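> Next comes the sequence, and after it the predicted model I'd like to discuss.
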2 protein chains.
Amino acid sequence: MKLVLHGYFRSGTSYRTRLALNWKGVPFDYVGVNLVEGEQHSDAYKAKNPQGLVPALEVDGEILTQSVAILEWIEETFPQRPLLPSDPIKRAKVRAFAAAIGCDIHPLQNLRILKKARELAGDDAEAGPAWARHWISLGFDALEKLAEQADGQNGFTFGDGPTLAEIYLLPQMFNARRFGVDLAPYPRLVAADEAARALPEFERAAPENQPDAI
Amino acid sequence: MKLVLHGYFRSGTSYRTRLALNWKGVPFDYVGVNLVEGEQHSDAYKAKNPQGLVPALEVDGEILTQSVAILEWIEETFPQRPLLPSDPIKRAKVRAFAAAIGCDIHPLQNLRILKKARELAGDDAEAGPAWARHWISLGFDALEKLAEQADGQNGFTFGDGPTLAEIYLLPQMFNARRFGVDLAPYPRLVAADEAARALPEFERAAPENQPDAI
């Protein structure tokens, strides 16, 4: 099976996908799509993904989009080193933690949203980052509580190793640091981020270690 | 197994959950959480869901949150009348369609976001609805293309019956109409919405048919 990942080094959803593939030891080619230069809006890229968003994963020529769909496909297709527990209720709790990032934090601090928020605030350059910090902090307040209630060990959120929770958390922590969010109120999230980033498979997926990093 | 759904008649994520449970014929009790009166921020509700969002599904006393996690749990636990195809690539395409709504449209037109957008625009009452229409239309442009590429029959998006695509689409179309989005450019989405709403299981899940509808 030949996999080609179209992504951007700093895109959180691309980062998630690299983390999962690396963790499972699945080889893939990587093609950078420069979001800042607008390459995602090119006709060539939109033929692959009409939404004009990254990532897109080519699987023997078929195009998969949307990181949550790609991650579920990866988990179903490569069951080694599972990212979801086998117990149905526990699976739902891991997926809920991931979705609290994937639906309630990440989409609100995307580049395109920050641009629009800035526009709305009469082109105030501070409006974008302030908007991002607001939604990230609000989301992290809830995530920290979810992490407290979870059965994590060795720093991880659920169980004693990485799950979809860390796959979603790492890129979100990366963004939080970029926007200057105060992380002191979130010791569980900081611990999980550190535990997971220490894994060599996760380190290789980091934004700064990608060929398109600038 | 005793299920209690805490939701709000007009909440899109609550609507999704009702649709899936009804389609599979799974009985559940329904408790309305009045979002407009702020019941989701009460201590009693936050003890159930620290995020203070609906829906929450109680399963024999365990609380499941986040509609995407709840829907995957429903699909795994009640395999009858599947909402995902069995082929892995097709599953990924249905999930991507759902996620294009669940991650890229719905979270941007939530009540709490509209309030914040209005604030940013110096309390301009038109700013919220205009913001919602912008993101819904942008998302629908992409969804219509995804629907064109899909293998739907009888009006449905994928296959010849409802899937997770319609579970996500119906609440989003309901919101689009509420915000006055022009639906003329989206004939495939309109057809899928009509085909699915005609199903009695889906009709029973509609906002106007809930006990907390006002």
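Arrived safely, thanks for sending. Numbering: from 1, shown residues only, chains lettered A, B, ... in the order given.
> can you list contacts of the lengthiest helix in chain A?
Secondary structure of chain A per DSSP state H: the longest helix is helix A:127-149. Residues outside helix A:127-149 that contact it (Cβ atoms under 8 Å, 6 or more residues apart in numbering or on different chains): A:93, A:96-97, A:100-101, A:104-105, A:108-109, A:113-115, A:117-118, A:120-121, A:157, A:169, A:172, A:175-176, A:179-183, A:185-189, A:192, B:50-52, B:116, B:120. Heads up, the C-betas are built off the backbone N, CA and C, glycines and all.
> Next: stretch A:174-186.
A:10, A:12, A:15, A:106, A:109, A:129, A:132-133, A:136-137, A:140-141, A:143-144, A:173, A:189-190, A:206-207.
> Please spell out the PyMOL selection for the buried subset of those.
Restricted to buried positions by 16 or more other Cβ atoms under 10 Å in any protein chain shown, the PyMOL selection for the contacts of stretch A:174-186 reads:
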select buried, chain A and resi 10+12+15+106+109+129+132+133+136+137+140+143+144+173+189+190+206+207
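> Tell me where chain A has helices.
Using DSSP H, helices in chain A cover A:12-23, A:43-48, A:67-77, A:88-102, A:111-120, A:127-149, A:164-178, A:187-197, A:200-203.
> got the ones you listed as JSON lines, with mean pLDDT and distance to residue A:58 columns?
Formatted as JSON lines, the helices of chain A follow (pLDDT from 0 to 100; distance: least, Cβ to Cβ, whole Å):
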{"stretch": "helix A:12-23", "mean pLDDT": "98", "distance to residue A:58": "12"}
{"stretch": "helix A:43-48", "mean pLDDT": "89", "distance to residue A:58": "7"}
{"stretch": "helix A:67-77", "mean pLDDT": "98", "distance to residue A:58": "11"}
{"stretch": "helix A:88-102", "mean pLDDT": "97", "distance to residue A:58": "22"}
{"stretch": "helix A:111-120", "mean pLDDT": "89", "distance to residue A:58": "23"}
{"stretch": "helix A:127-149", "mean pLDDT": "94", "distance to residue A:58": "31"}
{"stretch": "helix A:164-178", "mean pLDDT": "98", "distance to residue A:58": "20"}
{"stretch": "helix A:187-197", "mean pLDDT": "98", "distance to residue A:58": "27"}
{"stretch": "helix A:200-203", "mean pLDDT": "98", "distance to residue A:58": "22"}
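> Any idea which of the ones you listed gets closest to residue A:35?
Residue A:35 lies closest, by Cβ to Cβ, to one member of the helices of chain A: helix A:111-120, at 6.4 Å.
> The closest one near chain B at all?
Yes: using Cβ under 8 Å from any Cβ of the partner chain, helix A:111-120 reaches chain B at A:113, A:116-117, A:120.
> contacting residues for residue A:206?
A:15, A:174, A:197 are the contacts of residue A:206 under Cβ under 8 Å, 6+ apart.
> For residue A:211, see how far away the second one is.
In this structure, residue A:174 and residue A:211 are 18 Å apart, going by Cβ to Cβ, to the nearest Å.
> Of those two, which one has the most company?
Under the neighbour definition other Cβ atoms under 10 Å in any protein chain shown, residue A:174 and residue A:211 were set side by side, and residue A:174 has more, 17 against 8.
> how many other residues sit next to the closest residue to residue A:58 other than its chain neighbours?
Distances taken as Cβ to Cβ, 6 or more residues apart in numbering or on different chains place residue A:4 nearest to residue A:58, at 4.0 Å, with adjacent residues excluded. Residue A:4 has 16 neighbouring residues, counting by other Cβ under 10 Å.
> what bridges to residue A:4?
residue A:29, residue A:58 (DSSP bridges).
> What pLDDT does the model give it?
For residue A:4, the pLDDT comes out at 97.
> ok, it - contacts?
Per Cβ under 8 Å, 6+ apart, neighbours of residue A:4: A:28-31, A:57-58.
> again with residue A:89
Residue A:89 touches B:59, B:62, B:64, B:73, counting by Cβ under 8 Å, 6+ apart.
> The first one - nearest residue in space that isn't next to it in sequence?
If I follow you right, that is residue B:59. residue B:3 (6.0 Å).
> Quick check: the gap between that neighbour and residue A:19.
33 Å.
> Bridged to residue A:62, which residues?
Using DSSP bridges, the beta-bridge partners of residue A:62 come out as residue A:59.
> hang on, the earlier thing: and the gap between the residue nearest to residue B:59 and chain A?
13 Å (Cβ to the nearest Cβ, to the nearest Å).
> Test my guess that that residue contacts residue B:28.
Yes: using Cβ atoms under 8 Å, residue B:3 makes contact with residue B:28 at a distance of 3.9 Å.
> returning to that earlier point: have a look at residue B:3 and residue A:19 and say which one is more surrounded.
Between residue B:3 and residue A:19, residue A:19 has the larger neighbour count (other Cβ under 10 Å), namely 27 against 18.
> the domain parsing of chain A - what is it?
Chain A resolves into domains spanning A:3-81, A:88-201 when parsed by automatic domain parsing.
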